[in-house]
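Chemist: compute the structure for the input listed below.
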Amino acid sequence: MVVGLGYVGLPLALAVASAGYETTGFDVDPGRVAQLLAGESYLPADVSDDQLAGSSAGWTSDVAVLAAADVVIVAVPTPLLDGGPDLGAIQAAVGAVAAHLRRGQLVVLESTTYPGTTEEVLQPVLEGGGLRAGVDFALAFSPERVDPASSWDVSSTPKVVGGVTPADSLVTERFYRAFVPAVHVTSSPREAEMAKLIENTFRQVNIGLVNELAPLAPAL
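Modeler: Modelled structure (predicted):
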């Protein structure tokens with residue numbers, strides 16, 4: 001199950017379904033779900049109506065279905081707030097997951113955030129009911145790396161994964177390898193979170209550099 005059907009979650013749900021997994025996409029916005037059930041994409045630059053029609057993925061806004069999922073991927077937005085990521089959507093999503101958590105599930109956070117979020121924010125909430133990460137359920141971070149509206153899609157973009165234990169990393173790696181060509185495993189969620197931070201910083205610095213050079217180039 002993919003929680004959050006924005007420009008990250010929607011293509012991801014289709015990719016998971018294409019690998020043969022029984023897949024359900026969940027979103028708190030019933031309007032989005034209604035559009036998807038009608039076969040209409042609200043992200044035409046990333047997902048076409050034909051792709052929706054050809055997918056076996058299902059769509060829902062019923063949070064109770066979380067209990068039946070073997071894998072739960074959280075891909076909700078983390079917009080900047082006062083210079084840092086707003087974790088409100090992550091906290092709401094993880095609270096819902098925790099309420100339906102059961103033994104044997106794999107929970108993966110894909111949302112962009114700061115190093116330490118998986119272990120310091122998600123893990124305590126998920127363990128609040130008595131189940132332990134790395135023992136009763138698996139927990140990992142695997143950042144989304146797709147550039148929206150580009151030619152690179154989920155299935156052609158290498159993944160980075162980091163579990164709270166080596167066993168968690170292994171099960172997460174095996175899951176993603178079903179539909180991603182290359183999966184790189186880090187020693188912990190914190191390293192995977194840092195890798196995403198470095199990637200975003202590298203991209204922003206280069207964009208800033210080009211923007212600075214653009215007005216100078218014609219004169220030079």
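
Chemist: contacts and neighbour counts: CA atoms only from here.
Modeler: OK.

Chemist: scan this structure for its longest helix.
Modeler: helix 189-213 (DSSP state H).

Chemist: would you mark the buried spots in that one?
Modeler: Neighbour-count burial for helix 189-213 flags 189, 190, 191, 192, 193, 194, 195, 196, 197 (criterion: 16 or more other Cα atoms under 10 Å).

Chemist: also stretch 77-91?
Modeler: 77, 78, 87, 89, 90.

Chemist: then stretch 121-128?
Modeler: Counting neighbours by 16+ other Cα under 10 Å, stretch 121-128 gives 122, 123, 125, 126 as buried.

Chemist: out of the residues you listed, which are inside helices?
Modeler: When helices are assigned by DSSP H, the members of the buried residues of stretch 121-128 inside them are 123, 125, 126.

Chemist: pull the contacting residues for the residue lying closest to the first one once chain neighbours are set aside.
Modeler: If the residues on either side of it in the chain are set aside, residue 123 comes closest to residue 133, at 6.9 Å by Cα to Cα, 6 or more residues apart in numbering. By Cα atoms under 8 Å, 6 or more residues apart in numbering, residue 133 lies in contact with 123, 126, 127, 139, 164.

Chemist: check what pLDDT the closest residue to residue 56 other than its chain neighbours gets.
Modeler: Taking Cα to Cα, 6+ apart, and ignoring the residues beside it in sequence, residue 56 has residue 17 as its nearest neighbour in space, at 6.2 Å. On pLDDT, residue 17 comes in at 97.

Chemist: likewise for residue 85?
Modeler: The predicted local confidence for residue 85 comes out at a pLDDT of 87.

Chemist: if I look at it, how far off is residue 62?
Modeler: Here the distance between residue 85 and residue 62 works out to 27 Å (Cα to Cα, to the nearest Å).

Chemist: what segments of the chain are helices?
Modeler: Under DSSP H, the chain gives helices at 9-18, 30-37, 49-53, 88-99, 117, 123-126, 166-177, 189-213.

Chemist: before we move on, back to that, any chance of the contacts of residue 133 in TSV, with pLDDT too?
Modeler: Supplementary listing: the contacts of residue 133 in TSV, determined by pLDDT from 0 to 100:
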residue	pLDDT
123	98
126	98
127	98
139	98
164	98
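
Chemist: and which of those is nearest residue 44?
Modeler: Nearest to residue 44 among the contacts of residue 133 is residue 139, at 31.9 Å by Cα to Cα.

Chemist: show me what contacts the closest one?
Modeler: When contacts are counted by Cα under 8 Å, 6+ apart, residue 139 is found next to 106, 107, 108, 123, 133, 163, 164, 168.

Chemist: most surrounded residue in those?
Modeler: Neighbour counts for those peak at residue 163, which has 31 neighbours (criterion: other Cα atoms under 10 Å).

Chemist: hey, what's that one bridged with?
Modeler: residue 140 (DSSP bridges).

Chemist: spit out the contact partners of it.
Modeler: 138, 139, 140, 141, 169, 170, 172, 186, 187, 188, 189.
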